[in-house]
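> predicted coordinates and the sequence they were generated for:
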Amino acid sequence: MDFITDLKKMECVGAWGAFCHTTGCPVTLWLSAPGDAYTRFDLGDLRGFAISRPGSGLPVLTATYDEALCLTDGVEATACSRDWVFDTNTPEIPDYTLSTAAAPAPRSTGSDPAEAEETRPEPQPAGWTLREVPGASPLALGSGTGIIASLSAFCLQSEPFMAVRFTTAPPPGTVTLEFTFSSGRLALAATHEPSAGGAFVMDLTEKPLAAALAGRDSSAEVSVDGTPQGTLSLRGSTKALRTALADCASF
């Protein structure tokens with residue numbers, strides 16, 4: 001049997017929502033292979049997905065992506081989708097089908113009625129917002145720039161962390177993010193964390209990045225491994241970060 005993991009369904013006490021961001025949630029397929037093994041196939045961050053079985057052919061998985069991840073070639077699409085058919089465990093990447101009108105994500109074909117009624121999460125505005133966390137402190141979620149899809153700050157075991165997700169992920173390992181504020185530059189290393197849905201995670205303990213992001217600047221220039229990525233909006237960052245990290249960081 002093959003399996004699908006959808007991190008939108010995960011609730012991790014103290015870090016709920018850290019795996020998802022403004023462009024959706026990571027969805028991974030585990031495709032059966034000889035010898036009771038599995039091949040991992042990452043679909044990336046999805047707004048939603050649906051499985052259909054046309055006629056007697058193989059099932060088709062329709063994956064819906066946020067507009068920020070669509071290769072639109074100048075078309076102002078509000079979303080896009082890909083139809084995946086897994087006749088091998090390493091299929092070719094299908095073309096995007098672009099959507100020019102907002103629509104809910106495809107419904108699940110599972111047997112759970114509540115799951116079948118889910119719709120895609122609403123896109124977040126540029127800047128920083130708070131995402132409420134059941135039973136824990138909230139998550140500060142910031143929209144990214146360039147290949148940076150989003151940044152999220154949260155407390156985990158009384159320590160502050162920041163997860164960085166990319167639209168085009170660097171190779172697994174460590175990357176350096178450099179932020180330029182009016183007061184100067186800060187560079188931090190982020191390490192690829194497979195258990196966090198492929199995000200790159202930074203430990204903010206004893207580092208001034210959170211305070212700088214929550215400071216008086218309205219924006220900051222950011223680069224990844226020395227390559228400029230553009231201007232990061234800090235609108236709403238002061239309230240979002242100070243509230244999210246109130247239990248694990250001082251400003």
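Now that the structure is in, tell me what you want to look at. Note that this is a predicted model, so its numbers are computed, not measured. Numbers count the residues shown, from 1 in each chain.

> rest of the way, CA atoms for contacts and neighbours
OK.

> OK, contacts around T64?
By CA atoms under 8 Å, 6 or more residues apart in numbering, T64 lies in contact with 46-49, 79-82, 105-106.

> now do the contacts for the nearest residue to it once chain neighbours are set aside.
Excluding its sequence neighbours, the residue lying closest to T64 (CA to CA, 6 or more residues apart in numbering) is S81, at 4.3 Å. S81 is in contact with 62-65, 96-99, counting by CA under 8 Å, 6+ apart.

> repeat that for 6 Å
Residues near S81 by CA atoms under 6 Å, 6 or more residues apart in numbering: 63-65, 96-97.

> swap in T145?
230, 232 are the contacts of T145 under CA under 6 Å, 6+ apart.

> and what of V222?
178-179, 229.

> ok, now with 10 Å
Listed by CA atoms under 10 Å, 6 or more residues apart in numbering, the contact partners of V222 are 144-146, 148, 177-181, 185-187, 228-232.

> buried ones among these?
For the contacts of V222, a burial check counting by 16 or more other CA atoms under 10 Å picks out 144-146, 148, 177-181, 187, 228-229, 231-232.

> of those residues, which belong to strands?
Judged by DSSP state E, strands contain the following of the buried ones among the contacts of V222: 148, 177-181, 187, 228-229, 231-232.

> one step back: what's the pLDDT at the residue nearest to T64?
With respect to pLDDT, S81 has a value of 88.

> next, A210: secondary structure please.
Under DSSP: H, G, I helix; E, B strand; the rest coil, the three-state class of A210 is helix.

> for the residue nearest to T64, list each beta-bridge partner.
Taking DSSP bridges as the rule, S81 bridges to T64, T97.

> I'd like the distance between it and D66.
Separation of S81 from D66 (CA to CA, to the nearest Å) stands at 9 Å.

> domains for the protein, by residue range?
The chain breaks down by automatic domain parsing into domains covering 3-116, 128-244.
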